[in-house]
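1. Pasting the sequence and the predicted model now:
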Amino acid sequence: MLQTNRSPFVFLAVCLILVCSIAANAQNNRSAVSLTGVDTASCTVPDPCRTFDAAIFRTNPGGEIVVLSSAGYGPFTVNKSVSIISPGGIHAALAPTTGAAITVDGSAIDVFLRNLWINSLGATDGITILNARQLHIENCTITGFSNSGINAVMSNDLFGSFWMSVVDSFLRLNATGIAMSSGGLGISRLTVDRTRVENNSGNAISITPGAGGSVDGIIRESLITANGAGIFVSTSNTSHTNVEGCAFVHNPGTALQGGGTSTRVIRVSQSYIANNGAGLATGGGDDLQSFGDNRLTGNGSDGAFTSTIALK
């Protein structure tokens, strides 16, 4: 006799497979957020979500999230490779009251942030990086954070290398503008290009490699002004910080603080260092190297470079 009844368990299993299959195929290569979006939406451009967290969840690794309208979008965490893009003319704002506005935490992920306005209403950090392979920050404003505008602590990455770039951006009124460390035995690389770091109460840029790690940096064509101090290099572990075409003015503390040896060095070329509390301060050893084409004048105490590198 032909059996026509189906087990309810078989039916349930088929339904679960179908649901899972639909969910797996529901991820977007391009997602969107909007003032009028809702987080139960598909997060596509015609059907946007309201928050970045929802859009990140629905975006494939390597995909992008586009901001469609001016609004406040709230803090979020990035745990996969993704590009978050606010086009020109759109005010995409984050105004957190606690913690960090953006947390980046994913193994070997590549993250791109463009044209975001990040303003603290009581939060400690603008962007905290715990783990990543690359983070690129373009045309962003980060202001008012009680710890750091950008805080690359890499506490969840003990061995990997990390590269961060900050381009055409503004870091203002934070305690520290950019705090850069390395993760354990890893190498961290920092690029700051055409950026204003100003009116931060502490250091504009702090380079403090973790135990066994190292930091290599390039800061070029940027303005470092009215901060508590300029660039500070820790006297522990290895760092090479290259400064080219920058202006250091009106910092009440020291514009450039060396790290103590030629393995914790700041190399400076074509830069203007004037009207600071102190121009240069060495931690000892050959840690402040000049290419002989800088202007150092009018500081409370100018200080001196520890050596000159011949132009080639």
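-> Received it, and whenever you're ready, just let me know what you need.
2. pLDDT weak spots in the protein?
-> When residues are selected by pLDDT under 70, those of the chain lie in 1-26, 158-159, 183-185.
3. At the geometric centre of it, which residue do we find?
-> Ile150 (5.0 Å; Cα atoms, centre = their mean).
4. so what strands line up beside the helix or strand hosting that residue?
-> Secondary structure assignment for Ile150, by DSSP states H and E: strand 148-152. Partners of strand 148-152 in the sheet, by DSSP bridges, are strand 125-131 (parallel), strand 176-180 (parallel).
5. now the angle from the helix or strand just after the longest one to strand 176-180?
-> Scanning forward in sequence from strand 125-131, with DSSP H and E defining helices and strands, the next element found is strand 134-138. Inter-element angle recorded for strand 134-138 and strand 176-180: 160 degrees (by axes from the mean of the first three to the mean of the last three Cα atoms, to 10 degrees).
6. Pretty sure Leu280 sits against Thr297.
-> No. Contact criterion Cβ atoms under 8 Å: Leu280 and Thr297 do not qualify, at 11.7 Å. For glycine as for every other residue, the C-beta is placed from the backbone atoms N, C-alpha and C.
7. Spit out the residues that contact these two alike.
-> Both Leu280 and Thr297 are contacted by Ile273, under the criterion Cβ atoms under 8 Å, 6 or more residues apart in numbering.
8. returning to that earlier point: return the alpha-carbon coordinates of the strand holding Ile150 using PDB.
-> The C-alpha trace of strand 148-152 is given here as PDB (Å, rounded to 0.1, in the frame of the first residue of the first chain):
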ATOM      1  CA  SER A 148      41.500  59.100  21.900                       C
ATOM      2  CA  GLY A 149      40.100  60.200  18.600                       C
ATOM      3  CA  ILE A 150      41.600  57.000  17.000                       C
ATOM      4  CA  ASN A 151      42.900  54.300  19.400                       C
ATOM      5  CA  ALA A 152      44.700  51.400  17.700                       C
END
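9. following that strand, which helix or strand comes up?
-> Tracing the chain C-terminally past strand 148-152 and defining elements by DSSP H and E, one meets strand 162-167 next.
10. thinking again about what came up before, ok, what's across the strand from the residue nearest to the centre of the chain?
-> Ile127, Ile178.
11. quick one, which of Leu280 and Thr297 is more surrounded?
-> Each of Leu280 and Thr297 has its neighbours counted (other Cβ atoms under 10 Å); Leu280 has more, 27 against 11.
12. Doesn't that one belong to a helix?
-> No. Counting by DSSP: H, G, I helix; E, B strand; the rest coil, Leu280 is not part of a helix but strand.
13. mind checking how far the nearest residue to it once chain neighbours are set aside is from Ile118?
-> Of all residues not flanking Leu280 in the chain, Gly303 sits nearest, at 3.3 Å (Cβ to Cβ, 6 or more residues apart in numbering). Gly303 sits 34 Å away from Ile118, taking Cβ to Cβ, to the nearest Å as the criterion.
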